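Q: For reference, the sequence and a predicted model appear below.
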Number of protein chains: 2
Amino acid sequence: MAATEETLRKTLAEKLSAVEIQANTVRSLKSSSASKPDIDAAVQALNNLKLEKSSIEKSLQSLLSGSDSREAFRQSVNNTLERRLFYIPSFKIYRGVAGFYDYGPPGCAVKSNVLAFWRQHFVLEENMLEVDCPSVTPEVVLKASGHVEKFTDLMVKDEKTGTCYRADHLLKDYCNEKLQKDLTLSSDKAAELKHVLAMLDDFSSQELGAKIKEYGITAPETKNPLSDPYPFNLMFQTSIGPSGLAPGFMRPETAQGIFVNFKDLYYYNGNKLPFAAAQIGQAFRNEISPRQGLLRVREFTLAEIEHFVDPEDKSHPKYAEVADLEFFMFPREEQMTGQSAKRIRLGDAVSKGIVNNETLGYFIGRVYLFLTRLGIDKDRLRFRQHLANEMAHYAADCWDAEIECSYGWIECVGIADRSAYDLRAHSEKSGTLLVAQEKFSEPKEVEKLVINPIKKELGLAFKGNQKKVVEALEAMNEKEALDMKAALDSKGEVEFEVCTLGKTVTINKNMVTIHKEIKKEHQRVFTPSVIEPSFGIGRIIYCLYEHTFYTRSSKAGDEQLNVFRFPSLVAPIKCTVFPLVQNQKYEDVAKLISKSLTAAGISHKIDITGTSIGKRYARTDELGVPFAVTVDSTTSVTIRERDSKDQVRVDVEKAASVIREVSEGHRTWEDVWSTFPHHSSTTAED
Amino acid sequence: MAATEETLRKTLAEKLSAVEIQANTVRSLKSSSASKPDIDAAVQALNNLKLEKSSIEKSLQSLLSGSDSREAFRQSVNNTLERRLFYIPSFKIYRGVAGFYDYGPPGCAVKSNVLAFWRQHFVLEENMLEVDCPSVTPEVVLKASGHVEKFTDLMVKDEKTGTCYRADHLLKDYCNEKLQKDLTLSSDKAAELKHVLAMLDDFSSQELGAKIKEYGITAPETKNPLSDPYPFNLMFQTSIGPSGLAPGFMRPETAQGIFVNFKDLYYYNGNKLPFAAAQIGQAFRNEISPRQGLLRVREFTLAEIEHFVDPEDKSHPKYAEVADLEFFMFPREEQMTGQSAKRIRLGDAVSKGIVNNETLGYFIGRVYLFLTRLGIDKDRLRFRQHLANEMAHYAADCWDAEIECSYGWIECVGIADRSAYDLRAHSEKSGTLLVAQEKFSEPKEVEKLVINPIKKELGLAFKGNQKKVVEALEAMNEKEALDMKAALDSKGEVEFEVCTLGKTVTINKNMVTIHKEIKKEHQRVFTPSVIEPSFGIGRIIYCLYEHTFYTRSSKAGDEQLNVFRFPSLVAPIKCTVFPLVQNQKYEDVAKLISKSLTAAGISHKIDITGTSIGKRYARTDELGVPFAVTVDSTTSVTIRERDSKDQVRVDVEKAASVIREVSEGHRTWEDVWSTFPHHSSTTAED
């Protein structure tokens, strides 16, 4: 595609100069009073050139704005979502606040289904220890984690109005705008801007500032000059208690609540590794200027797992259950060499060392299963490995589950091997050791170096300085001590620098003995590694909306109807119950079925308005309700499946249990379809 | 009890003076060198009086500190809760922050079960519209709701150190301390202090300050003087976005998120009343100095319902389902006349007007069912009506579900008829009408007053001022207009003040006609009333812990074992699976059962440590696990019920489904007990 773009730009440039030359020709013919046919022919040629030029412009524009159809699709999904109250801009009657959204009734049900499945799939299946910690967090915890210092974005201010912008966003907008709309851009310049876009995340404050100056970027609304970029901490700050002296923050992630409880959780798990703790809860990020609608918000639900494991043994007992899964992975190597994501068998990725270890691989596999069971399209899901420059220095390996939607590839789950970083940081700052012990079944013999200063000799030689010399000898590391031993053995004496004395002294072989000893050890004490899968629930849900949305024509063909093909697992309501026509007997049957569904805990809606059955189906399709029961007799009813629009006829007393089985996944629709008589109704859909 | 206390205080006072008199007698006998037998007899009498005095002191003390045993009980519940990680003081390794607690694994499971049941019992059964709004809330919303101005507690400061205290707490502590420990307190003074305790919540800032001065109350630790009381806003404040110009707060309740969405939710419900919206989420309260452990925290989970209803029709279609419930109610009348709570049939309370309306009554009944099904003791639960001075001026009626625990009677659910207050406040401040319409099936005839100024006459009389006079005439309210009509009819003219002219003019009967007209109206527009049940989830859970906790002797009688008798519905884990002895075949059976339980979604724990079966039972009893499967053969296993310790023998392949049925409430333990062979094991318990 890049090649086509370059070709088009070149052709366009050639055509532009051809137009200019021909225009000059026309002008000179006119001024030299040439013959009318000559002038007409030249004008005709000029017009042809202009038509060619504008046709090339159109091609280039449509190439550059391939985003048009994506945006139209997004608009149509979002219109449906907002109209049916899947979400509502928060505080809407007060004109809202950027970056805050409410989940309305169906959105809230979808979210609660996604979280319930998360609990089942991760917490229950893996026997994880779930905890629930406050959002308000004292400064000391977030200083230890590094958030107070480093959880920042670079910001610029309109120098006159004080309005704030994210520096990288302004530069990105500038580049994209130029690339998409400036058709006269040279291909060199286009390549430069593309390079800037690629490097944007790595730019320092200085580099960002320099580019903004170089391109003459100004404040978008006012065109005022901008300040230099400076860091803005993204945590919402507050104050705990009335004194004003105890700063606190709204947590930017839930993970820290687990780390600070490691000691208790390890004890709860019988002092055994590995184990995982999990937490679902709100996290907060005071974005400078939130964009991308539901994907970049200031308050969101995270579901995080911290799996603690012995750094010397990152195998996983259930690894074999996921090793044969095959899906799109995008390893570092492929990214660096300009290739694209490819389907890889997870087991191969682990055995080839592309994925660092079995436990990390196990979680990648479980995340894949989780997302696809929710209804995420497996062909628009990839696991992308972080490049070396994206990862924190302490991380062993890191993969993002990225889902493609109209905004591009969106990071929805991060799966990182964070090594011992977090537990070490909290051990150090809190003074509480956050470590694990491996008790040896029998004591292990370990070779230890023993340095034994002979105080009497040292006292005679160094008098008042004896103590400092002893301390310096004892403080030698293994290599220094072995070097000294070799020198004493061969030469009988050695020069030795004593920092605390600021001078070198002579040590002879009577003054110190250095030897190796075999010691017995009963346990190994170590800081566990942590493997962290972290789920952005709101982002997953938004991508799910896009992946499950489609439109189809109404039977009359005069309307496009919206459908969400949610799996029953996540559908906000599992079933609707309608009487076919307004009729007391049918209503009674509908209420009876509704009562059984309530008792079985199946969320449903009963609709006894007089609306036409076709309209009622269309309404529930738009909410993604998978099944509809229509009462058209007092003995049997029809059950309709949303996507196929197929209907079967089922006895009244069996209806609720069939709906229960099929919506809880104990039975497939195919099975229902092959068991019960089919029902076809020409009137049903319209 | 009050009478006994008074009697004891009087007797003690008499005894104290008797001791003093006798001591003087002894002293004078000694100084007058009386005979030894006389002195001895007097000393003996003194000692007897002293003994009597200290016996009365003891009685009084034990009367006053009936709290001793309650505190011992609380200590033992809390020790178990903290040791088994039901909760953990947050940020413990950094020495914690008052008012913040984490839910550890079993506590988190209990909470998630309570919330799931809440969703089933309220949202699903009542078809409520659940929403999920952010915690961060812009100032404008909380100004409209009144929280910015009024959500405050009165605070005093240590004038030297600046340490802050809740003014009412200090006064309360002073009174309680005096009443409990000062045995010389006169009964008048005791009565005064009790009156202060009773009035505490109604004291103004000035009254509190005056009492603190009068009693000479100082800062508890330093004994420094205290500042005058002043209000402290209890909301955690923050700033939205980077400008620092958009103040926000962490929401003090979830309700406002529902009110601001009323218009959309009403539309979603097909523009029909009544309907209810619900929300579960975090709320925040920056307490001045939190006490009462888990009951008064700075961040907590609320579950709130806003039921919108036509103020002219507060009947409820499902009211009959709860009318026959009978439980402890504590109406205003009983509180004012010093009586205690009494068992009342809910239907009688509503029909007698004790409870304001059917809908309020319906929710009181549903809350009763919710709490008792969770395991709250119905004899330690009462519904207390707010006294007139406790209710907001706009509230029609308000009842608290109070649960008795070691801290006394604790408000856990508030059920208030808040009338139209909240919707009106947001309508006014946002400029968006939050109203409902009742469309009449046929137009209604309504009598309306019509004021018709005769512009020609008015123009002649008032020239340039005509317009202002017309406006003033049209702006008259009904009474003013009718008064004018009466005056014009009788006297032919009337003096009329026109504010906009700043003077009075004379209006005669030619200048205006005023008459009543019958008009047809097609709908009624009104602001709905809202009935709000609001649940403090953490408080309910804490009371549940106390109500379900008991101890029993170990079989050997050498130990007290702790048990939580959680209903299966809320138990953190439904079942444990143990092999009786370490043995590969038994372990395989245990794993098989565990797999079936996982597939059925039954939370359980498999324990293959070699610990004695008695210890394993004791451990799980302490977590409130209702059932235990012990594998003692490869064909059948035993299932033990926690509270009865009864065991039945069940085939291996049936075990998981029996556990499922009994833990999901589809089958009672009595039924299981009568179906399967009983198992008795003398070795099992120890």
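A: Everything's here; your move. Residues are numbered from 1 along each chain as shown, chains lettered A, B, ... in the order given.
Q: the longest strand in chain A is where?
A: The strand that spans the most residues within chain A, counting by DSSP state E, is strand A:436-453.
Q: Sort out which residues of that strand are buried, please.
A: Going by neighbour count (16 or more other C-beta atoms under 10 Å in any protein chain shown), the buried part of strand A:436-453 is A:436, A:451, A:453. Every residue, glycine included, has its C-beta placed from N, CA and C.
Q: Equivalent analysis for stretch A:169-181, please.
A: So stretch A:169-181, judged by 16+ other C-beta under 10 Å, has buried residues A:169-171, A:174-175, A:179-180.
Q: Go through those and name the one nearest residue B:81.
A: Closest approach between the buried residues of stretch A:169-181 and residue B:81, by C-beta to C-beta: residue A:169, at 48.4 Å.
Q: Run through who's touching the helix or strand that closest one falls within.
A: Per DSSP states H and E, residue A:169 falls inside helix A:167-181. With contact meaning C-beta atoms under 8 Å, 6 or more residues apart in numbering or on different chains, helix A:167-181 is reached by A:61, A:64-65, A:153-156, A:185, A:189-190, A:193-194, A:196-197, A:200-201, A:203, A:205, A:208-209, A:211-212, A:215, A:217, A:220, A:226, A:229, A:289, A:291.
Q: Of those, which are in range of chain B?
A: The residues of the contacts of helix A:167-181 that also fall near chain B, by C-beta under 8 Å from any C-beta of the partner chain, are A:155, A:289.
Q: Quick one: buried ones out of the contacts of helix A:167-181?
A: A:64, A:153-156, A:185, A:190, A:193, A:196, A:200, A:203, A:208-209, A:211-212, A:217, A:226, A:229, A:289.
Q: Does residue A:553 touch residue A:560 like I think?
A: Yes. Using C-beta atoms under 8 Å, residue A:553 is in contact with residue A:560, at 6.4 Å.
Q: which residues of the stretch 251-400 of chain A fall in helices?
A: A:255-259, A:262-268, A:332-336, A:346-351, A:358-374 (DSSP state H, counting those that start in this stretch).
Q: Pick the most buried one from these.
A: helix A:255-259 (a mean of 25; mean count of other C-beta atoms under 10 Å in any protein chain shown).
Q: now for that helix, which elements pack on it?
A: Helix A:255-259 is packed against strand A:275-284, strand A:299-309, helix A:421-430, strand A:529-536, with contacts defined by 3 or more C-beta pairs under 8 Å, 6 or more residues apart in numbering or on different chains; DSSP states H and E.
Q: switch the cut-off to 7 Å
A: On a contact count with 3 or more C-beta pairs under 7 Å, 6 or more residues apart in numbering or on different chains; DSSP states H and E, helix A:255-259 meets strand A:275-284, strand A:299-309, helix A:421-430.
Q: where does the closest residue to chain B within the stretch 451-600 of chain A land on pLDDT?
A: Taking C-beta to the nearest C-beta, chain B has its nearest neighbour within the stretch 451-600 of chain A at residue A:598, 6.1 Å off. pLDDT, residue A:598: 87.
Q: Run a quick neighbour tally on it.
A: The local packing of residue A:598 (other C-beta atoms under 10 Å in any protein chain shown) involves 18 other residues.
Q: which residues touch it?
A: B:124-125 (C-beta atoms under 7 Å, 6 or more residues apart in numbering or on different chains).
Q: where does it land in three-state SS?
A: helix (DSSP: H, G, I helix; E, B strand; the rest coil).
Q: Kindly report the same for the one 3 residues further on.
A: When states are read from three-state DSSP, the local structure at residue A:601 comes out as coil.
Q: what's the spacing between it and chain B?
A: Residue A:601 is 6 Å from chain B, where distance means C-beta to the nearest C-beta, to the nearest Å.
Q: Residue A:600 versus the closest residue to residue A:644 other than its chain neighbours, what's the distance?
A: Counting by C-beta to C-beta, 6 or more residues apart in numbering or on different chains, the nearest residue to residue A:644 once its immediate chain neighbours are dropped is residue A:669, at 7.5 Å. According to C-beta to C-beta, to the nearest Å, residue A:669 and residue A:600 sit 18 Å apart.
Q: nearest residue to residue A:362 other than its sequence neighbours?
A: residue A:316 (4.2 Å).
Q: tell me, how many neighbours does the one you found end up with?
A: The burial count for residue A:316: 22, using other C-beta under 10 Å.
Q: My understanding was that it contacts residue A:360; is that so?
A: No. The criterion here is C-beta atoms under 7 Å, and residue A:316 misses it with residue A:360 at 8.9 Å.
Q: Quick one: closest of the helices and strands packed on helix A:255-259 to residue B:464.
A: That would be, of the helices and strands packed on helix A:255-259 and by C-beta to C-beta, strand A:299-309, which comes in at 58.9 Å.
Q: Pick out the residue in the stretch 251-400 of chain A sitting closest to chain B.
A: For the stretch 251-400 of chain A, C-beta to the nearest C-beta, closest residue to chain B: residue A:299, 4.3 Å.
Q: Next, count neighbours for that residue.
A: Residue A:299: 21 neighbours (other C-beta under 10 Å).
Q: So which residues on the stretch 301-450 of chain A come close to chain B?
A: Residues of the stretch 301-450 of chain A lying near chain B by C-beta under 7 Å from any C-beta of the partner chain: A:426, A:430, A:432.
Q: Of those, which is the most crowded?
A: That'd be residue A:426 among these, by other C-beta under 10 Å, with 22 neighbours.
Q: Check what pLDDT it gets.
A: Looking at residue A:426, the pLDDT reads 96.
Q: give the contact list for it.
A: A:144, A:259-260, A:434, B:93.
Q: ditto for residue A:476
A: Applying C-beta under 7 Å, 6+ apart, the residues contacting residue A:476 are A:451, A:484.
Q: what mean pLDDT would you report for stretch A:82-94?
A: 96.
Q: Which positions within that stretch qualify as buried?
A: Taking 16+ other C-beta under 10 Å as the criterion, stretch A:82-94 shows A:84-88, A:90-94 as buried.
Q: that's a helix at residue A:401, yeah?
A: No. Going by three-state DSSP, the assignment for residue A:401 is strand, not a helix.
Q: per-residue pLDDT, residue A:1?
A: On the pLDDT scale, residue A:1 gets 42.
Q: my bad, residue A:61
A: At residue A:61, pLDDT is 72.
Q: out of the buried residues of stretch A:82-94, who's near chain B?
A: A:85, A:88, A:90-91, A:93-94.
Q: Adding distance to residue B:624 and mean pLDDT, write the helices of the stretch 251-400 of chain A out as a markdown table.
A: Putting the helices of the stretch 251-400 of chain A into a markdown table (distance: least, C-beta to C-beta, whole Å; pLDDT from 0 to 100) gives the following:
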| stretch | distance to residue B:624 | mean pLDDT |
| --- | --- | --- |
| helix A:255-259 | 24 | 96 |
| helix A:262-268 | 15 | 96 |
| helix A:332-336 | 49 | 86 |
| helix A:346-351 | 39 | 97 |
| helix A:358-374 | 30 | 97 |
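Q: If anything else comes up later, I'll come back, but that's it for now.
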